[in-house]
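Asks: okay, predicted coordinates and the sequence, questions at the end:
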Amino acid sequence: MMLIGSDFNKKCEKLLLETEQISEQSCDASISVEELNENLGFDRNELRSYLEYLNDRKLIELLSIGGPLLYGHIRITKKGLQKALSLRDK
């Protein structure tokens with residue numbers, strides 16, 4: 001079982017905000033995980049944990065597996081887009 005703390009949540013928020021920005025607020029955009037992580041600099045295992053958590057919460061959708069970061073592409077969901085926009089408004 002993974003403990004979810006404030007550092008974990010802050011990094012998930014950063015990841016979600018970066019996803020929203022790259023997608024240009026489109027739920028149809030396929031986003032390269034490698035491109036997504038260029039600005040974030042998370043290691044492979046850390047990134048995998050964040051992506052799986054956000055996927056479980058239905059904030060993103062995992063589209064492909066493969067590549068140096070395990071997951072190849074993701075897509076932000078409508079729920080994820082709404083969450084990211086509410087985070088920006090803080």
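Replies: Received, thanks. Numbering: from 1, shown residues only.
Asks: every contact and neighbour count from this point should use C-alpha atoms.
Replies: Will do.
Asks: how about stretch 71-84: buried residues?
Replies: Neighbour counts over stretch 71-84 (16 or more other Cα atoms under 10 Å) mark 71-78, 80-81, 83-84 as buried.
Asks: need the pLDDT of residue 5.
Replies: With respect to pLDDT, residue 5 scores 62.
Asks: again, but for residue 2
Replies: The per-residue pLDDT of residue 2 was computed as 46.
Asks: got the buried residues for the longest helix seen in the chain?
Replies: Ranked by number of residues, the top helix in the chain under DSSP state H is helix 6-23. Within helix 6-23, the residues scored as buried using 16+ other Cα under 10 Å are 11-13, 15-20, 22-23.
Asks: low pLDDT regions in the chain?
Replies: Within the chain, the stretches with pLDDT under 70 are 1-5.
Asks: tell me which of the buried residues of stretch 71-84 fall in strands.
Replies: 71-76 (DSSP state E).
Asks: coming back round to it: need the residues that contact the helix or strand just after the longest helix of the chain.
Replies: Following helix 6-23 in sequence order, the next helix or strand is strand 31-32 (DSSP states H and E). Around strand 31-32, the neighbours that count as contacts under Cα atoms under 8 Å, 6 or more residues apart in numbering are 19, 22-23, 72-75.
Asks: and stretch 43-59, by the same measure?
Replies: 8, 11-12, 15-16, 60-62, 68-71, 76-81, 83.
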